[in-house]
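Colleague: Dropping the sequence and predicted coords here.
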Amino acid sequence: IIDYTGMMVSEQNSKGFAKEDLLGLQSKLDEAQTNLHALRDSGKLDFSLLLPEMLAQLPELCAYADEVAAKFENFVVLGIGGSALGPLAVQQALNHYYYNELLPDQRSNRPRFYVLDNIDPVRFKELGQVLDPRKTLYNVISKSGNTSETMAQFLIVRDYLRHFCGESYADHIVVTTDQQKGNLLPIALKEGFKRFVIPSGIGGRFSELTPVGLLAAAICGIDVEQLLAGALEMDRRIRETKGVFANPAQLKSALSYLSWQKGKKISVFMPYVDGLKTMADWYAQLWAESLGKRYDRTGKAVSLGQTPVKALGVTDQHSQVQLYAEGPDDKVITFLTLEEFKDTQGIPVDSALPEDIQFLGGKTLEELLFAEQKATEYALTLAGRQHQKIILSALTPFNIGQLLLLLEWETAYMGELFNINAFDQPGVEEGKNGTYGLMGRAGYEAKKQAIKEFGQE
Ligand code: PA5
């Protein structure tokens, strides 16, 4: 459910949108829909197009996942950006919050799960100190097969595994990369690593529902079939529905576009569920990397994009919400909530307590959380601040699949409304190339020289 009451004009908030504002965008949205369908028909909107193919690949992927889950105690993803945030977000959303701390039989004898994305040497070493390499499977995920961070970690782990596991080191590495390109592929082929393919047309941040995320999810016991079923259902709905009030991606993108036009340069994504905290990281990458663009499609300099901010309810009610309510009116806030938590926690009654605390007794933590969320909505509305809410019935694989697709489609629609390419990331590539230069990769000498002259070395 998308509850957008807080975005609209009301008795308490005269600054909201009117229905006509949304309807006024309909022709632009129809044009966006036509363009996106044309892109899909020409085989280029892979995040949507590939879903049935991924479903067909599940038996092989799940068979491998079951096989390795029975063999290994630990499973570590080595990847960064789009090759790390999706696996992390889905695992945290759907598994026990303290999954790694559970006893093996409490997590259905599936391996513990870790993601090494950043290259902080201390964290890297310290994880090595707590994991026995002989009992660990590493999934190296890199679409380009070139990313310095991932490749560096891979080289260290490979060396380490050779040392501890001898000849069988290759059984501890599974590679997820492009079918044809990149430096990881020839190494994987030569050394005999198990391999999964990232379909060539798909960008990292849109790749969660490919083997990038599906393998990690399946190894950790998540029902990947349901994840894809939810995604397919949302995908179908968005492709087949017309009209801003019926099509969820049109509605979400219209609200985002109008808010951006009204000067809301910041988009706050605020789950009220701890398990969805890393979903905010995933969203932030999707929104920032897809929509932050210097040029539009005609080559005109535009400098577009809305800055994503990650927040967590209720924690950030005690920090950032002050700014949202009383600071600059440049933010639009999206809450992400549940109708029902998978568990409940009562608060004890104690009639000996002072009356001002007694009111909590007999209630539940979720009642308190829902009340705080509602009160925050109200306070923001009174302050004239716009907010909306995505409500999931519960944290299930089906609903998470739907959520991922909704946000991916909304981003694609925003790309059309902005008339930019939402699927490239030249700003990120520039940084990657600079790193190659500074680290001495052949072919990047000019980049190194340019940075030296700029004075950064
Ligand atoms: O969305 C993207 O394209 C990026 O965030 C990439 O996922 C990230 O840079 C990692 O790239 P790769 O998977 O090629 O190692």
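Modeller: Received it, and whenever you're ready, just let me know what you need.
Colleague: Now do the contacts for the spatially most central residue of the chain.
Modeller: With distances taken as C-alpha atoms, centre = their mean, the residue of the chain nearest its centroid is residue 282 (2.2 Å). Residue 282 makes contact with 85-86, 88-89, 205, 208, according to C-beta atoms under 8 Å, 6 or more residues apart in numbering. No exception for glycine: its C-beta is placed from N, CA and C like everyone else's.
Colleague: Just want the residue of the stretch 301-450 of the chain that's nearest the ligand.
Modeller: residue 425 (5.3 Å; C-beta to the nearest ligand atom).
Colleague: Find the nearest non-adjacent residue to that residue, please.
Modeller: Closest residue to residue 425 apart from its sequence neighbours, by C-beta to C-beta, 6 or more residues apart in numbering: residue 289 at 5.0 Å.
Colleague: ok but the one you found is inside a helix, no?
Modeller: Yes: under DSSP: H, G, I helix; E, B strand; the rest coil, residue 289 falls within a helix.
Colleague: Show the average pLDDT along whichever strand or helix holds residue 149.
Modeller: For residue 149, the element it lies in under DSSP states H and E is helix 148-165. Averaging pLDDT along helix 148-165 gives 96.
Colleague: same thing with stretch 224-233?
Modeller: 98.
Colleague: among the contacts of residue 282, which are in reach of the ligand?
Modeller: residue 205 (C-beta under 6 Å from any ligand atom).
Colleague: In helices only, show me the contacts of residue 282.
Modeller: Residues of these located in helices (DSSP state H): 85-86, 88-89.
Colleague: Return the member of the residues you listed nearest to the ligand.
Modeller: Among those, and counting by C-beta to the nearest ligand atom, the member closest to the ligand is residue 85, at 8.1 Å.
Colleague: how about the strands in the chain?
Modeller: 2-3, 74-78, 112-116, 136-142, 173-177, 194-197, 266-271, 293-295, 301-304, 307-310, 331-338, 387-392 (DSSP state E).
Colleague: would TSV of these with mean pLDDT and mean neighbour count be doable?
Modeller: Formatted as TSV, these follow (pLDDT from 0 to 100; neighbours: other C-beta atoms under 10 Å):
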stretch	mean pLDDT	mean neighbour count
strand 2-3	96	14
strand 74-78	98	24
strand 112-116	98	21
strand 136-142	98	26
strand 173-177	98	25
strand 194-197	97	18
strand 266-271	98	23
strand 293-295	95	17
strand 301-304	94	13
strand 307-310	97	18
strand 331-338	97	23
strand 387-392	98	20
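Colleague: Relative to residue 127, which of the ones you listed is closest?
Modeller: Of all the strands of the chain, strand 112-116 sits nearest to residue 127, with 6.2 Å by C-beta to C-beta.
Colleague: Just the CA coordinates for that closest one, please, in PDB.
Modeller: The C-alpha atoms that make up strand 112-116 are tabulated as PDB, following Å, rounded to 0.1, in the frame of the first residue of the first chain:
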ATOM      1  CA  ARG A 112      26.500 -17.700   8.800                       C
ATOM      2  CA  PHE A 113      26.400 -14.700   6.400                       C
ATOM      3  CA  TYR A 114      28.900 -11.900   6.000                       C
ATOM      4  CA  VAL A 115      29.400  -9.200   3.400                       C
ATOM      5  CA  LEU A 116      32.800  -7.600   2.900                       C
END
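Colleague: strands paired with it, and their directions?
Modeller: strand 74-78 (parallel) (DSSP bridges).
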